[in-house]
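Peer 1: Would you be able to build a 3D model of this:
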Amino acid sequence: MRAYERVARPLLFRLGGGDAETAHERTLRALERLSRPLAAFRGPLSPPGAARTVFGVAFPNPVGLAAGMDKDGRALRAWPALGFGFVEVGTVTRHAQPGNERPRLFRLPADEAIVNRMGFNNAGAAALAARLAKLGSLPVPLGISLGKSKVTALDDAVADYAESLRLLRPYGDYFAVNVSSPNTPGLRCLQDADRLRELLAALVGDRPILVKIAPDLTDDALGELVDVCLAGGAAGLIATNTTVDRPGVRTAEAGGLSGRPLFARALEVVRFVAKHSGLPVIGVGGITRPDDAARLIDAGAGLVQLYTGFIYHGPALVRGCVRATRRAA
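Peer 2: Sure thing, here's the model as predicted:
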């Protein structure tokens, strides 16, 4: 991790005059150009004891890239070469949308955290489907995170998600139903029992459907959500999305907080939903050390995902988490 932290990260953090989204875009563009040579040079990490099968899907290792890093699937061949055992693209919406006004992505280096209020900026489900059709198969499982288009009324959300799933069903090994982002008005209402029940009834079918949940729910609300997921045929849960809370963090920026300050709550939620549901869980939120990934596995997660920790610590964190989770398995 030290070479990345001492050399690469300072350079990346200075791109665009320090604007986090500019650095993100330029890094993604570079990985897109380098995808083929990277893929030819190296495949996903798969040391002895790392592979596992979760919700019927085989993973070479349990450490994945979380949604949000590569929304439109532009650098898909690069991520396995950096060690990831699976990749989740999106969150994608039925309609292309620009997202919220910039600036909308903010680093908090002292806290190893990020605040974002991106608002599901993406090229839309049809564009992602066309890219995936051209790309062909990957050496790791592909997850696709689905969200509600901002222009779609809450009462029409089910049809919006269903159309995205129809377009993308041939390409995803699993689908994440994002009903927990704090950056689309009204979206978290879809975690309510009646709305989530209706949504799952429309989506559950021949592909694993996982529900991504907010860390800000009470235990009672989490319990009700788990019951709906069990009854509705969900294949698993993703715990957790970003938080609107600011645990020990000082910032005036609105949006979802990710990174180190979220880890304690993510660990609690993973432990709760694993215990009360028995469903497979993907643990995500605040993994900035290899041992964090192992603790989420010990708490009941079958897989884990990185986002903010990867930005701060680079590919060495992926390798460290693979080693740590192999020991914990």
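Peer 1: Look up the closest residue to residue 47, ignoring the ones flanking it.
Peer 2: residue 326 (6.3 Å; C-beta to C-beta, 6 or more residues apart in numbering). C-beta coordinates here come from the backbone N, C-alpha and C atoms, glycine included.
Peer 1: again, but for residue 13
Peer 2: residue 23 (6.6 Å).
Peer 1: next one: residue 34
Peer 2: Nearest non-adjacent residue to residue 34 (C-beta to C-beta, 6+ apart): residue 78, at 6.2 Å.
Peer 1: can you check residue 223 too?
Peer 2: Nearest non-adjacent residue to residue 223 (C-beta to C-beta, 6+ apart): residue 276, at 6.1 Å.
Peer 1: Point out the other helices and strands that the helix or strand hosting the one you found packs with.
Peer 2: Counting by DSSP states H and E, the element that carries residue 276 is helix 263-277. Packing partners of helix 263-277 (3 or more C-beta pairs under 8 Å, 6 or more residues apart in numbering; DSSP states H and E): helix 219-232, strand 236-239, strand 281-284, helix 290-298.
Peer 1: Pick the most buried one from these.
Peer 2: strand 281-284 (a mean of 30; mean count of other C-beta atoms under 10 Å).
Peer 1: what packs against that strand?
Peer 2: Counting by 3+ C-beta pairs under 8 Å, 6+ apart, the packing neighbours recorded for strand 281-284 are strand 236-239, helix 263-277, helix 290-298, strand 303-306.
Peer 1: Switch these over to CSV; also include mean pLDDT and distance to residue 133.
Peer 2: Shown next, in CSV, are those (pLDDT from 0 to 100; distance: least, C-beta to C-beta, whole Å):
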stretch, mean pLDDT, distance to residue 133
strand 236-239, 98, 25
helix 263-277, 97, 34
helix 290-298, 97, 33
strand 303-306, 98, 25
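Peer 1: For residue 283, find the nearest of the ones you listed.
Peer 2: helix 290-298 (3.4 Å; C-beta to C-beta).
Peer 1: for this protein, which strand is longest?
Peer 2: The residue-count maximum for a strand in the chain (DSSP state E) belongs to strand 86-92.
Peer 1: which residues touch that one?
Peer 2: Outside strand 86-92, the residues that touch it by C-beta atoms under 8 Å, 6 or more residues apart in numbering are 59, 64-68, 70-73, 76, 79-80, 120, 122, 124-125, 128, 138, 140-147, 164, 168, 173, 176, 178, 181, 303, 305.
Peer 1: Can you give me the pLDDT of the residue nearest to residue 34?
Peer 2: pLDDT, the model's per-residue confidence, is 96 for residue 78.
Peer 1: same thing with residue 69?
Peer 2: According to the model, residue 69 carries a pLDDT of 97.
Peer 1: same deal with residue 329?
Peer 2: 50.
Peer 1: again, but for residue 2
Peer 2: Residue 2 carries a pLDDT score of 76 in this model.
Peer 1: what's the neighbour count on the residue nearest to it when sequence neighbours are not counted?
Peer 2: In space, residue 2 comes closest to residue 316 once its chain neighbours are excluded; the distance is 8.0 Å by C-beta to C-beta, 6+ apart. Residue 316 sits with 16 neighbouring residues when counted by other C-beta atoms under 10 Å.
Peer 1: neighbouring contacts of the helix or strand hosting residue 316?
Peer 2: Taking DSSP H and E as the criterion, residue 316 maps to helix 315-328. Outside helix 315-328, the residues within contact range by C-beta under 8 Å, 6+ apart are 1-4, 45, 47-50, 61-63, 82-85, 287-294, 297-298, 304, 306, 309-310.
Peer 1: Just the buried ones from those?
Peer 2: Buried by 16 or more other C-beta atoms under 10 Å: 1, 4, 45, 50, 61-63, 82-85, 287-294, 297-298, 304, 306, 309-310, out of the contacts of helix 315-328.
Peer 1: how far away is the spatially closest residue to residue 292 that is not a sequence neighbour from residue 315?
Peer 2: The shortest distance from residue 292 to any non-neighbouring residue, by C-beta to C-beta, 6+ apart, is to residue 263 (5.8 Å). Here the distance between residue 263 and residue 315 works out to 20 Å (C-beta to C-beta, to the nearest Å).
Peer 1: if we can go back for a sec, which ones among the contacts of strand 86-92 are found in strands?
Peer 2: 59, 64, 65, 142, 143, 144, 145, 146, 176, 178, 303, 305.
Peer 1: Between those, which sits nearest residue 19?
Peer 2: Taking C-beta to C-beta as the measure, residue 19 sits nearest to residue 65 out of the ones in strands among the contacts of strand 86-92, at 22.2 Å.
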